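K.L.:
fold the following for me, if possible:
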Amino acid sequence: MGFRLPRIFNARRILRVSIPPALNVPKGYFAVYVGENQKRFVIPVSHLSDPIFQDLLSLSEEEFGYDHPSGGLRIPCCEDVFVDVISRLNRF
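P.N.:
Numbering: from 1, shown residues only. I've put the predicted structure just below:
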């Protein structure tokens with residue numbers, strides 16, 4: 001009785017090929033979609049612990065709940081406001 005590792009490797013290769021490179025997010029980051037046009041931002045996971053960003057997450061929960069059919073986290077605020085918040089978080 002042995003393990004069939006080639007199937008595992010083939011599955012990994014298929015997954016890598018089937019995910020478009022634009023949707024890949026570097027390790028330690030996550031993608032959010034902001035504003036009416038759902039502009040995509042990739043931001044560090046470290047921002048999750050910041051109280052300001054947690055307020056944005058609470059707004060998202062109130063507006064959209066936990067069900068995000070597009071697969072991405074949506075933040076209900078203007079892009080300009082979001083960019084301002086993220087730039088302030090990046091300073092620290």
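K.L.:
quick check: what element follows the helix or strand of the chain with the lowest mean pLDDT along the chain?
P.N.:
The weakest-scoring helix or strand in the chain, judged by mean pLDDT, DSSP states H and E, is helix 5-18 (a mean of 44). Following helix 5-18 in sequence order, the next helix or strand is strand 29-34 (DSSP states H and E).
K.L.:
could you check the pLDDT of Glu62?
P.N.:
pLDDT recorded at Glu62 is 89.
K.L.:
what about it, which SS state?
P.N.:
State at Glu62, reduced to three classes by DSSP: H, G, I helix; E, B strand; the rest coil: helix.
K.L.:
next one: the one 4 residues further on
P.N.:
Secondary structure for Tyr66, judged by three-state DSSP, is coil.
K.L.:
what's the burial count for Val37?
P.N.:
Residue 37: Asn, not Val. Neighbour count for Asn37, taken as other C-beta atoms under 10 Å: 8. Heads up, the C-betas are built off the backbone N, CA and C, glycines and all.
K.L.:
could you give the number of residues near Val32?
P.N.:
If you count neighbours by other C-beta under 10 Å, Val32 ends up with 21.
K.L.:
doesn't Phe41 make contact with it?
P.N.:
Yes - the pair Val32 / Phe41 is scored as a contact, 5.4 Å apart, by C-beta atoms under 8 Å.
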